[in-house]
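# how does the following fold in three dimensions:
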Amino acid sequence: MKMNQIVFPLALALAATLATTGCKHTPMKVTPIPGSQPAPVSDNNNSSTLPPGQPINNDNGPGANNNAPGGGPTASPDMFDNMIKDPAALAANTIHFAFDSAAIKKSEDANLSAVASALAGNANDKLLIEGNCDERGTEEYNRALGERRALAAREALAKQGVSPDRIRTISYGKDKPADPGHDESAWSKNRRDDFILLHPKPGV
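Numbers count the residues shown, from 1 in each chain. All right, here's what the predicted structure looks like:
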């Protein structure tokens, strides 16, 4: 009987102590699935936030990457040196996207065919595809989405016979709006790929 009188209060005291202090749980590190979510923004000084105005460039340095997304090998940046930008040539063929999507709509097929035809007409010309987004969403998310849009157009052009190593892609995220407005009318214009024809410099 005396043993029960001693053990019972001790058990109650131990239970009360555990209830008030609790157990510390170390949060698990989650491995993100590539392409499923944007990279999280860090709270420390090593922030993963992309600086404003710094576009994503899909070139992977010297040498082509045979497993590159977007329809084939990625051209090295020096292949685009000494090229003259001609933004007016394909300005009428800009393609637009649905909200939060990198899927190319069927209605854009004619624009892509016109771009492919322009490149077929001169084997020395190359192409820059600029992926863009509307202002909604984080900096990182929109840079990644703009890149996916540019790569989707690159892949579509590759299917029409354009060699992927003639195409360079870049993402400006939400930093280059075509319309500065803040409504759906403006946003629908800003969710786009711009096509910039590149001509070799004379004598090069």
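
# show me where pLDDT drops low in this structure?
1-79, 203-204 (pLDDT under 70).

# scan it for its longest strand.
strand 192-200 (DSSP state E).

# can you give me the helices for the chain?
For the chain, the helices defined by DSSP state H cover 2-21, 109-120, 139-159, 184-190.

# need the contact partners of the second one.
Residues external to helix 109-120 that are found in contact with it (CB atoms under 8 Å, 6 or more residues apart in numbering): 89-90, 92-95, 104, 125-127, 153, 156-157, 160-162, 166, 195, 197. The C-beta positions use only the backbone N, C-alpha and C, and glycine is treated the same way.

# the longest strand of the chain: partners in the sheet, and parallel or antiparallel?
Here strand 192-200 is paired, per DSSP bridges, with strand 83-86 (antiparallel), strand 95-96 (antiparallel), strand 126-132 (antiparallel).

# could you pull out the buried residues of the first one?
Buried residues in strand 83-86, counted by 16 or more other CB atoms under 10 Å: Met83.

# residues in contact with that strand?
126, 128, 196-201.

# could you redo the last one with a cut-off of 6 Å?
196-199, 201 (CB atoms under 6 Å, 6 or more residues apart in numbering).

# again, but for the last one
For strand 126-132, the external contacting residues (CB under 6 Å, 6+ apart) are 146-147, 149-150, 153-154, 166-172, 176, 190, 192-194, 196, 198.

# for Glu135, which residues are in contact?
Neighbour list for Glu135: Lys174 [criterion: CB under 6 Å, 6+ apart].

# could you redo the contacts of strand 83-86 as CSV and give each row neighbour count?
Listed next are these as CSV, based on neighbours: other CB atoms under 10 Å:
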residue, neighbour count
Ile196, 19
Leu197, 22
Leu198, 20
His199, 14
Lys201, 9
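
# what's the span of stretch 130-139, first residue to last?
End-to-end distance for stretch 130-139, by CA to CA, to the nearest Å: 16 Å.

# ok, stretch 174-181 next?
With CA to CA, one end of stretch 174-181 sits 12 Å from the other.

# buried ones in that stretch?
Buried residues in stretch 174-181, counted by 16+ other CB under 10 Å: 174-178.

# now swap in stretch 125-137 and tell me
Buried residues in stretch 125-137 (16+ other CB under 10 Å): 125-134, 137.

# ok, of those residues, which one's closest to Asp81?
Lys126 (10.7 Å; CB to CB).

# what lies in contact with the longest strand of the chain?
With CB under 6 Å, 6+ apart, strand 192-200 has contacts from 83-87, 89-90, 93-96, 115, 124-126, 128-132, 149-150, 153.

# switch the cut-off to 7 Å
80, 82-87, 89-90, 93-97, 115, 118, 124-132, 149-150, 153, 178 (CB atoms under 7 Å, 6 or more residues apart in numbering).

# same question for stretch 152-160.
By CB under 7 Å, 6+ apart, stretch 152-160 touches 70-72, 95, 102, 104, 112-113, 115-116, 129, 164, 167, 169, 193.

# nearest to Ser185, of the residues you listed?
Using CB to CB, these come closest to Ser185 at Ile95, 17.7 Å.

# how many neighbours does that closest one have?
Close neighbours of Ile95, defined as other CB atoms under 10 Å, add up to 23.
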